[in-house]
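1. what follows is a predicted protein model with its sequence.
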Amino acid sequence: MTYVVTDACIKCKYTDCVEVCPVDCFYEGENMLVINPSECIDCGVCEPECPAEAILPDTENNIEKWLELNTKFSAEWPNITEKKDPPADADDHKGEEGKFEKHFSSEPGEGD
């Protein structure tokens with residue numbers, strides 16, 4: 001099992017999860033984070049740290065899309081291991097519906 005980041009992260013990109021990850025398996029896109037499923041050790045410490053509730057175990061129903069997205073972009077985006085400030089409008093997007101269709105970007109973030 002692994003954990004994955006879902007569309008709830010898009011435009012929020014809180015990095016509280018990154019700070020607690022013991023294996024540094026988070027990767028940064030322009031407006032969201034992903035987890036490398038091959039590196040995740042299924043410890044679960046990241047899940048309760050996410051203010052947007054964007055991190056879920058891959059055993060959840062209908063999670064396959066997010067597992068594929070995390071796998072693909074963790075191979076393309078830079079690793080992030082240190083907490084950063086979220087975007088200024090992060091709280092405005094928390095809980096927003098349809099974020100993937102409206103805001104997803106495949107562009108990489110800055111990483112560490």
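-> Sure, I can see it.
2. could you list the residues in contact with stretch 31-39?
-> Here stretch 31-39 makes contact (C-beta atoms under 8 Å, 6 or more residues apart in numbering) with 2-5, 7, 9-13, 15, 17-18, 23-27, 46, 54-55, 58, 67, 69-71, 73-75, 77, 80, 87, 103-105, 109. Placement of C-beta: from N, CA and C, glycine included.
3. let me fix that: stretch 102-112
-> 7, 10-11, 27-33, 73, 76-82, 93, 96.
4. please pick the buried ones from those residues.
-> Buried residues within the contacts of stretch 102-112, defined by neighbour count using 16 or more other C-beta atoms under 10 Å: 7, 10-11, 27-29, 31-33, 73, 77, 80, 93.
5. export the residues you listed to JSON lines and tack on pLDDT?
-> Output for the buried ones among the contacts of stretch 102-112, formatted as JSON lines (pLDDT from 0 to 100):
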{"residue": "7", "pLDDT": "96"}
{"residue": "10", "pLDDT": "97"}
{"residue": "11", "pLDDT": "97"}
{"residue": "27", "pLDDT": "98"}
{"residue": "28", "pLDDT": "98"}
{"residue": "29", "pLDDT": "98"}
{"residue": "31", "pLDDT": "96"}
{"residue": "32", "pLDDT": "97"}
{"residue": "33", "pLDDT": "98"}
{"residue": "73", "pLDDT": "98"}
{"residue": "77", "pLDDT": "98"}
{"residue": "80", "pLDDT": "98"}
{"residue": "93", "pLDDT": "94"}
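6. sorry, back to before: tell me which of the contacts of stretch 102-112 fall in strands.
-> Counted as lying in strands by DSSP state E, out of those, are 27-28, 33.
7. mind putting those residues in JSON lines, distance to residue 62 included?
-> Shown next, in JSON lines, are the ones in strands among the contacts of stretch 102-112 (distance: C-beta to C-beta, whole Å):
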{"residue": "27", "distance to residue 62": "22"}
{"residue": "28", "distance to residue 62": "25"}
{"residue": "33", "distance to residue 62": "20"}
